[in-house]
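In: model this:
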Amino acid sequence: MARYTGPKTKICRKFGEPILGNAKGLSKNSNPPGQHGGSKKRKQASEYALQLSEKQKAKYTYGVLERRFRNTFEEAVRLKGVTGENLIMLLEARLDNTVYRLGISESRPGARQLVSHKHITVNGHVCNIPSALLKPGDVVGIKEKTAANQSLISRVRGKDPKINWLEWNEKEMKGTYVAHPQRESIPENIKEQLIVELYSK
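Out: The predicted model follows:
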C-alpha cells in the first residue's frame, strides 16, 4: 500500500504549517526547503501553483494519494451542497481520520495502522479499511483483545472538546459519529475552493 514515508519536517516547512503534527522543526527553521529557502527573488506564485499547493496540502494532511483523492472529489461533486465543503466532509468521515479525531491514535498515520491491523471495530464488527466512510450513528470502538493491551490503551488521549460531531465514551472506549461536520467546525486550514477550481479546469 503506497504512502508517504519521507521527512515530515520538510513537508511542514513547504507549507509553513505543522500539517503532519511535527511543529518542532518549524520553530528552528520555518523557511521552505530547497537551496535558496524563502528567497525574496522568487517570483510570485501563479494561480495554478496556489491551487496545486492547496491540493497537495490536503492530500498530505489526510494521508490520501491522488487516485483516492480524485475519487473523493468526484463523490463530493455528486452530493448536494457546496462541492468544496462536501470534499472536506468526506475526508473527515474516513475511518482512519475519525480514529485520530477520537484520540485513539496520536496521528493519522498511526490511526491508519491501527485500522489496517484490525484493532478497530465499526458497529461491533472489525473493519480494516482506512478509507471506509462513516455515517451518522456509526459507533467506532477498540477490539476487545486490543483493549486488554495496556501499552496501546495508555496512548488513548480522548477527544478534543472542539470536535463537536463526535462523542467519546471513555468508560466503554467507544466513539460515535454523531453527524457530518460543518465546515466551520473543522480546524484544518485548507482553502478547499482552490482545489475545486483546480479540478474544474
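In: which outside residues touch stretch 73-86?
Out: Applying CB atoms under 8 Å, 6 or more residues apart in numbering, the external contacts of stretch 73-86 come out as 87, 89-90, 183, 192-193, 195-196, 199. All C-beta spots, glycine's among them, are computed from the backbone N, C-alpha and C.
In: of all these, which two lie farthest apart?
Out: Based on CB to CB, the longest span within the contacts of stretch 73-86 runs between Arg183 and Tyr199 and measures 17.8 Å.
In: Just after the lengthiest helix in the chain, pick out the following helix or strand.
Out: Longest helix of the chain, by residue count under DSSP state H: helix 47-62. Toward the C-terminus, helix 47-62 is succeeded by helix 66-78 as the next helix or strand (DSSP states H and E).
In: now that following helix: how far from the chain's centre is it?
Out: Distance of helix 66-78 from the chain centroid (CA atoms, centre = their mean, to the nearest Å) equals 15 Å.
In: tilt between it and helix 47-62?
Out: On the basis of axes from the mean of the first three to the mean of the last three CA atoms, to 10 degrees, helix 66-78 is oriented at 100 degrees to helix 47-62.
In: Just the CA trace of helix 66-78, in PDB.
Out: Extracted C-alpha coordinates of helix 66-78, given in PDB (Å, rounded to 0.1, in the frame of the first residue of the first chain):
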ATOM      1  CA  GLU A  66      -4.000  11.100  -5.900                       C
ATOM      2  CA  ARG A  67      -6.400   8.500  -7.200                       C
ATOM      3  CA  ARG A  68      -8.300   8.200  -3.900                       C
ATOM      4  CA  PHE A  69      -8.300  12.000  -3.600                       C
ATOM      5  CA  ARG A  70      -9.700  12.400  -7.100                       C
ATOM      6  CA  ASN A  71     -12.400   9.800  -6.400                       C
ATOM      7  CA  THR A  72     -13.400  11.600  -3.200                       C
ATOM      8  CA  PHE A  73     -13.700  14.800  -5.100                       C
ATOM      9  CA  GLU A  74     -15.900  13.200  -7.700                       C
ATOM     10  CA  GLU A  75     -18.100  11.900  -4.900                       C
ATOM     11  CA  ALA A  76     -18.300  15.400  -3.400                       C
ATOM     12  CA  VAL A  77     -19.400  16.800  -6.800                       C
ATOM     13  CA  ARG A  78     -22.300  14.300  -6.800                       C
END
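In: what is the mean pLDDT for the helix or strand just after it?
Out: Sequence order places helix 83-92 as the next helix or strand after helix 66-78, per DSSP H and E. Taken as a whole, helix 83-92 carries a mean pLDDT of 96.
In: so how far is stretch 70-86 from its chain's centroid?
Out: Relative to its chain's centre, stretch 70-86 lies at 16 Å (CA atoms, centre = their mean).
In: Make residue 1 into 44 and carry on from there
Out: Got it, first residue is 44 now, which makes that one stretch 113-129.
In: Buried residues in it, which are they?
Out: Using 16 or more other CB atoms under 10 Å as the test for burial, stretch 113-129 gives 115-116, 119, 126-129.
In: No further queries at this time; thank you.
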